[in-house]
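Visitor: with the input below, show me the fold.
(chains A and B)
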There are 2 protein chains.
Amino acid sequence: MSDSELSDSEDGNLFKILLATDIHIGQGEKDAEIADDAINTFEEILHIAVEKEVDFVLLGGDLFHENKPSRRCVVKTMELLRRFCIGDKEVNFKMVSDPSLNFSQSKFPVANFDDESLNISLPIFSIHGNHDDPTGVDNLCALDELSTAGLINLFGKQTSLEEVNMSPVLLKKKNCLLALYGLGAMRDERLHRLFTQQKVHFMRPKENMEEWMNVFVIHQNRVSHGPTNYIPEKFLPNFLDLVFWGHEHECQISPMFNSEQDFYVIQPGSSVVTQLAEGETVDKHVALMQVKPGRNFNITPIPLKSTRPFIMRDLVLSETRIEPFHPKVNEKVEKYCTKVVNEMIEESKNKITGHRKQPQKPLIRLRVDFSGGYDPFSFPRFGQRFVHEVANPRDIVKSFKKAKEAKRREKNSEVKIDLEYKPEKLETATVEGVIKEHFQKSEKNLLLLTEKMMNIALNAFVVKQEKDALMVTINHVLETTEKKLIADDANLANIRNELVRMSKKKKKKKETDSEESDANDENDLEKLLQEKSQKGYAMEDSDIEVSPEMTSKRGVSARRGRSKSQRSPDDDLFSEVVEPPKRGRRGSRGGRGTRGRGKRGGVQQRLDSMLGTSTSSATPPKRKIVDIGDSSDEDDAFAGVQVLTRKKGK
Amino acid sequence: MSDSELSDSEDGNLFKILLATDIHIGQGEKDAEIADDAINTFEEILHIAVEKEVDFVLLGGDLFHENKPSRRCVVKTMELLRRFCIGDKEVNFKMVSDPSLNFSQSKFPVANFDDESLNISLPIFSIHGNHDDPTGVDNLCALDELSTAGLINLFGKQTSLEEVNMSPVLLKKKNCLLALYGLGAMRDERLHRLFTQQKVHFMRPKENMEEWMNVFVIHQNRVSHGPTNYIPEKFLPNFLDLVFWGHEHECQISPMFNSEQDFYVIQPGSSVVTQLAEGETVDKHVALMQVKPGRNFNITPIPLKSTRPFIMRDLVLSETRIEPFHPKVNEKVEKYCTKVVNEMIEESKNKITGHRKQPQKPLIRLRVDFSGGYDPFSFPRFGQRFVHEVANPRDIVKSFKKAKEAKRREKNSEVKIDLEYKPEKLETATVEGVIKEHFQKSEKNLLLLTEKMMNIALNAFVVKQEKDALMVTINHVLETTEKKLIADDANLANIRNELVRMSKKKKKKKETDSEESDANDENDLEKLLQEKSQKGYAMEDSDIEVSPEMTSKRGVSARRGRSKSQRSPDDDLFSEVVEPPKRGRRGSRGGRGTRGRGKRGGVQQRLDSMLGTSTSSATPPKRKIVDIGDSSDEDDAFAGVQVLTRKKGK
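Guide: As a prediction, the model looks like this:
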């Protein structure tokens, strides 16, 4: 790349975008010590955006930690957005796609910087995450409030559970073209199934198709937690240039090149420590993406300075010199742990950055393996001595079994990212745990409700705070049971036995059937809950004749209709792309480069055979870690920063 | 008034303000039929504001029906505000008071129309009501979100529970001066006590003091529901020109002159029917207030056209020809009721206005007195036949006893407004009812918790959705009990008997003591709950030593300190006014007018004797209904509309 290209950029051809994700405002809000960690880091991120003079900020979901964030969170977030994003500074790029497609769910289908009544200096684009996902009447999420207030641009919301259609946000800065695909979080299993059913559609602009740099923002499991509860990278179309992966909290700020798919993946990770787990020990970053005409981009990692230091260590007592049968063993163990924690506190001081808002008390997690005859002590009592030095005194120490963990690691050795780190568990562990326990231990098993249905209902009720979820679920179960009984021509005189029979049948079915068909009942329920909350308030009183079945059917067909009609205006402007996850190994990056992109030009590709339905045995994609230094020769212009560049089709 | 005065007004001296209150967005949201009534009327109100080209809208609280309105409500409200209030139209008046005093609780202590980054075409000023009152960490209410987003100007929030200080919003349009006092809703008993303790302070601008038209927006009980749970008009200072009373839902759109206090009171009433009670049958209105220099103002009532028709009738069966012992009496009664309801549906058609968004199905309430040997029928079943004609089929009929009601009316004859209409009951009836029932019926009475404490706690928990309210309450009770036990040097070996003794003592005290001292425990609790939610998240784990008592004390003193320091900057600019509720009868309106206002000039008045503490026998002020026609001679300029004018000090 020559100097002239840089001056091109300086002439206004250079897109500067700040990538940040999983900011989790409201995380730990009940603990005064860490309550403001996330919001302070969000402030730092906005500061960076202004300082670096980016064109816009792109967020990968989970701006809020809770589906219904506290009023304090919402107000504090609005305060920051009003402070940093509203102002007279000019926005120097244009949105050229049809905003009524990109923001079809908003009453203001226009980018905030294109609304003449608003005065936006720093645009933000965001998808929703799984924490701040849409629920309730009208399918709204917390980000919708910000978006309606004109403070952010929420995109990537889907109306249908049956099909995903993505029209990119098309942004133009002089000759630099950027297509932004966004898909708000949805249940991994569902999206996985939609991909295998070829129901995920990426629209592409027909005009100058190959000149658009294609970025896809996704908020799903990237790491496999089971056959279908993650999204394999090979599912994503290879016309993409960069996949911006939210949801996974481990910071992998250097983009990884997926040579199979011929795209890069960047996973900035959360900006705040949400779990005291290994994945979160990696220093937190956001990324400055610079895009130049010809689909050239580079990524500059920017370390966050306001994040709280977090130090984690493992201690296996049997590997120390402490004798398990020594008369004063307990005293010695505690003393030793105290020493280690003090070392960790010292170590944490290396992470003090001098940022005005960085909290000084570190998060400390010492995992202790007590096996070999050692007695665990009271961890909260132990923590008391560190109240003034550690942010989490109550749970500094956690017991673990090294052997067990090593085994688990071995089992999952092909998965790069630490499996212990599962953001999903954070919210649902308790509810699910309780239900699981109930179903496992209880002598009197429920006849009609399955564990999973109970989970779906309770999650809607507790996590999403949908007040009617339990009632809707019970009604649903009773109705379907009633229908089954009638269909089976059951002996109604002996209703209990019939129910037991059905329940056993269900259980048996569960053991033999494939996961797909097993999930039918639960899917029905999930759909119903979503419809219920979208369609709203059907009369609850049975005195008035409203058939829930009718309502439900109407709901589904109405939505289907809408999603289709939404797509139709695209057809003239966009080509639809569904790409194969595999077309055999496609050679090295260089080779791909020479093959050129133009080949796939205006031809509308639909390769129906590409997405097999048997995905349960899918192995995670092998990722090639791109050596940052390796690519710097391609782009001297961006020297001086940690740089990664990509050229395609040139 | 001469024509020249009007042209003065046309030169830009005329303030036009739309008064509306108790819009209750979200009321009935779970019932699809009426879910959008309130928001549609809010839209109509904003339409009127734009059409009448008012300078601003003044809201009297309860914009939202719920303390935590649904996301749908918030988003829909924001949509309307963004549509109607943001734009290029110029704002032609100035705010001349110190916004950091008026909006001291906001991170943006500036009126939205004075924020250069915002583009406000229609300013809204609002206080909060009892439905959308501040709670939780940082003492925020739903309106704070709107205010932070720059969509409204929230004022009248108080930081202290011990003292009320009101600095007016001072608005200036050429020579027309308007001082806006606002006081967000608080517990009536508390405000009543603060008034009697002379702890409610109205600041007045020293400069041109007598030229400011003084409007006070209040959201409290105006009607007595007991000795201290309302605010007598005589408590309010008589320098006020107009009291804009929110909270009471009955529309009394013609200002009433309080000759004792020498001010007018306007009670626009709710803009939506929230209860099927007599007070709500009055047609709904908002009011256009026009203010001219010299404290001249007039009020033009504007009927709302989007409100749902509501017809209410009483039917005493014993007064009909139906014989109670006729073999087919039940059939006859139902038939008769059907006939009456059909008549009412017909009658409701007179209330169809042709407004695009007015719902056509009326609310119908037929109160039937079954006494005299008639059997009530199933009201929901009865309603089924009206499902397609009536908005509230399930509860068209309600049984009542005419004799009982007549008696109650007689008892409260001095109170003008229908006592059956108590907006407060709407939200809390069930919770309080359950508790009352428990305390009355239960054999095993609780020893430590009083009914009222339970009420306060459960209200915070249920209505305001404060998750920790119950725990805080129980801890509070246990702590105070512990202290009392220690103080009493109780025999701890026989703890139960000690508790029974204390409980009895408490009960006895309740029977003998005055209401003031009885309320101490409950007040402590209320304070604690508010502090808790304001100060936030003290560590919950008792392992870490944080004395709740300490926290509590710190909380109080901190707040006190703040409230004082807040007042201090006022001292140079404002005079403080605390006015007597009574100085003997002060003659007719005319006489008052000639007496002139100037007399009270710069002298800071503090009449300490004026507010006696024995207010329990206070009779409601006699209100003189001002004949609208009567005042038109004073202001020909406003002819053609229903007009009420006032001149003072001229």
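Visitor: low-confidence ranges, chain A, go.
Guide: Applying pLDDT under 70 to chain A flags the ranges A:1-10, A:411-452, A:460, A:462-469, A:485-496, A:499, A:502-650.
Visitor: switch the cut-off to 90
Guide: For chain A, the stretches with pLDDT under 90 are A:1-13, A:30, A:105, A:135-138, A:159-161, A:206-208, A:225-227, A:278, A:325-326, A:402-650.
Visitor: now the residue lying closest to residue A:47 once chain neighbours are set aside: phi and psi?
Guide: Taking Cβ to Cβ, 6 or more residues apart in numbering or on different chains, and ignoring the residues beside it in sequence, residue A:47 has residue A:84 as its nearest neighbour in space, at 7.6 Å. The C-beta positions use only the backbone N, C-alpha and C, and glycine is treated the same way. Main-chain dihedrals, residue A:84, degrees, to the nearest 10: phi -100, psi -30.
Visitor: repeat that for the one 4 residues further on.
Guide: Main-chain dihedrals, residue A:88, degrees, to the nearest 10: phi -90, psi -10.
Visitor: can you list the domains in chain A?
Guide: Using automatic domain parsing, the domain ranges for chain A come out as A:3-307+A:563-646, A:310-390+A:392-411, A:446-502.
Visitor: got a list of what the residue nearest to residue A:47 touches?
Guide: Residue A:84 is in contact with A:46, A:47, A:49, A:50, A:121, A:122, counting by Cβ atoms under 8 Å, 6 or more residues apart in numbering or on different chains.
Visitor: now distance to residue A:97 and secondary structure too, for those, in CSV please.
Guide: Shown next, in CSV, are these (distance: Cβ to Cβ, whole Å; DSSP: H, G, I helix; E, B strand; the rest coil):
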residue, distance to residue A:97, secondary structure
A:46, 25, helix
A:47, 29, helix
A:49, 23, helix
A:50, 26, helix
A:121, 22, coil
A:122, 20, coil
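Visitor: separate out the buried members of these.
Guide: A:46, A:47, A:49, A:50, A:122 (16 or more other Cβ atoms under 10 Å in any protein chain shown).
Visitor: redo those as CSV? Include distance to residue B:305.
Guide: Below are the buried ones among the contacts of residue A:84 laid out as CSV (distance: Cβ to Cβ, whole Å):
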residue, distance to residue B:305
A:46, 45
A:47, 50
A:49, 47
A:50, 47
A:122, 42
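Visitor: and the residues you listed, which is closest to chain B?
Guide: Within the buried ones among the contacts of residue A:84, the smallest distance to chain B is 11.6 Å, found for residue A:122 (Cβ to the nearest Cβ).
Visitor: OK, contacts around the nearest residue to the closest one once chain neighbours are set aside?
Guide: Leaving aside its sequence neighbours, residue A:122 sits nearest to residue A:85 (Cβ to Cβ, 6+ apart; 4.4 Å). Listed by Cβ under 8 Å, 6+ apart, the contact set of residue A:85 reads A:46, A:120, A:121, A:122, A:123, A:124, A:151, A:152.
Visitor: let me see the contact set for the third one.
Guide: Under the criterion of Cβ under 8 Å, 6+ apart, the contact list for residue A:121 reads A:84, A:85, A:86, A:87, A:88, A:89, A:90, A:91.
Visitor: what about 10 Å?
Guide: Residues in contact with residue A:121 (Cβ atoms under 10 Å, 6 or more residues apart in numbering or on different chains) are A:50, A:84, A:85, A:86, A:87, A:88, A:89, A:90, A:91, A:113, B:117.
Visitor: swap in the fifth one?
Guide: By Cβ under 10 Å, 6+ apart, the residues touching residue A:123 are A:49, A:54-58, A:85, A:91, A:93, A:95, A:111-114, A:152-153, A:171.
Visitor: and stretch A:218-235, what's buried?
Guide: A:218-224, A:228-235.
Visitor: from the residues you listed, pick the one nearest chain B.
Guide: Ranked by distance to chain B (Cβ to the nearest Cβ), the buried residues of stretch A:218-235 are led by residue A:219 at 19.4 Å.
Visitor: doesn't residue A:157 make contact with the closest one?
Guide: No - with contact defined as Cβ atoms under 10 Å, residue A:219 does not reach residue A:157; the gap is 11.9 Å.
Visitor: joint contacts of the two?
Guide: Common neighbours of residue A:219 and residue A:157 (Cβ under 10 Å, 6+ apart) are A:127, A:128, A:133, A:182, A:183, A:184.
Visitor: highest neighbour count among those residues?
Guide: For the shared contacts of residue A:219 and residue A:157, the largest number of neighbours (other Cβ atoms under 10 Å in any protein chain shown) sits with residue A:128, at 31 neighbours.
Visitor: separation between that one and chain B?
Guide: In this structure, residue A:128 lies at 12 Å from chain B, with Cβ to the nearest Cβ, to the nearest Å as the measure.
Visitor: same thing with residue A:347?
Guide: Look at residue A:347 and chain B: by Cβ to the nearest Cβ, they are 24 Å apart.
Visitor: report the contact partners of the residue of the stretch 101-250 of chain A found nearest chain B.
Guide: Going by Cβ to the nearest Cβ, chain B is nearest to residue A:149 of the stretch 101-250 of chain A, at 3.8 Å. Contacts for residue A:149 (Cβ under 10 Å, 6+ apart) come out as A:74, A:78, A:81-82, A:108, A:112, A:118, B:74-75, B:78-79, B:81-82, B:86, B:145-146, B:148-151.
Visitor: show me the residues you listed that map onto helices.
Guide: A:74, A:78, A:81-82, B:74-75, B:78-79, B:81-82, B:145-146, B:148 (DSSP state H).
Visitor: just put these in a markdown table and tack on distance to residue B:254 and neighbour count.
Guide: Shown next, in a markdown table, are the ones in helices among the contacts of residue A:149 (distance: Cβ to Cβ, whole Å; neighbours: other Cβ atoms under 10 Å in any protein chain shown):
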| residue | distance to residue B:254 | neighbour count |
| --- | --- | --- |
| A:74 | 40 | 25 |
| A:78 | 40 | 23 |
| A:81 | 44 | 21 |
| A:82 | 41 | 21 |
| B:74 | 34 | 25 |
| B:75 | 36 | 21 |
| B:78 | 33 | 23 |
| B:79 | 33 | 17 |
| B:81 | 29 | 21 |
| B:82 | 34 | 21 |
| B:145 | 35 | 24 |
| B:146 | 30 | 27 |
| B:148 | 36 | 26 |
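Visitor: let me know the closest of those residues to residue B:244.
Guide: residue B:146 (19.5 Å; Cβ to Cβ).
Visitor: show me what contacts the residue lying closest to that closest one once chain neighbours are set aside?
Guide: Nearest non-adjacent residue to residue B:146, counting by Cβ to Cβ, 6+ apart: residue B:152, 4.6 Å away. Applying Cβ under 10 Å, 6+ apart to residue B:152 gives the contacts B:57, B:59, B:63, B:77, B:81, B:85, B:112, B:120, B:123-126, B:143-146.
Visitor: return the member of the residues you listed nearest to residue B:387.
Guide: Distances from residue B:387 to the contacts of residue B:152, taken by Cβ to Cβ, are shortest for residue B:77, at 29.9 Å.
Visitor: residue A:128 versus that closest one, what's the distance?
Guide: 21 Å (Cβ to Cβ, to the nearest Å).
Visitor: repeat that for residue A:79.
Guide: Counting by Cβ to Cβ, the gap from residue A:79 to residue A:128 is 21 Å.
Visitor: for burial, what's the neighbour tally of the one residue in the stretch 251-400 of chain A that gets nearest to chain B?
Guide: Using Cβ to the nearest Cβ, the closest approach of the stretch 251-400 of chain A to chain B is made by residue A:380 at 4.0 Å. Residue A:380 has 15 neighbouring residues, counting by other Cβ under 10 Å.
Visitor: do the same with residue A:250
Guide: So residue A:250, with other Cβ under 10 Å, has 21 neighbours.
Visitor: correct me if wrong: it contacts residue A:21.
Guide: No - if you go by Cβ under 10 Å, residue A:250 and residue A:21 don't touch, sitting 11.7 Å apart.
Visitor: what's the overlap in contacts for these two?
Guide: A:267, A:268, A:269, A:270.
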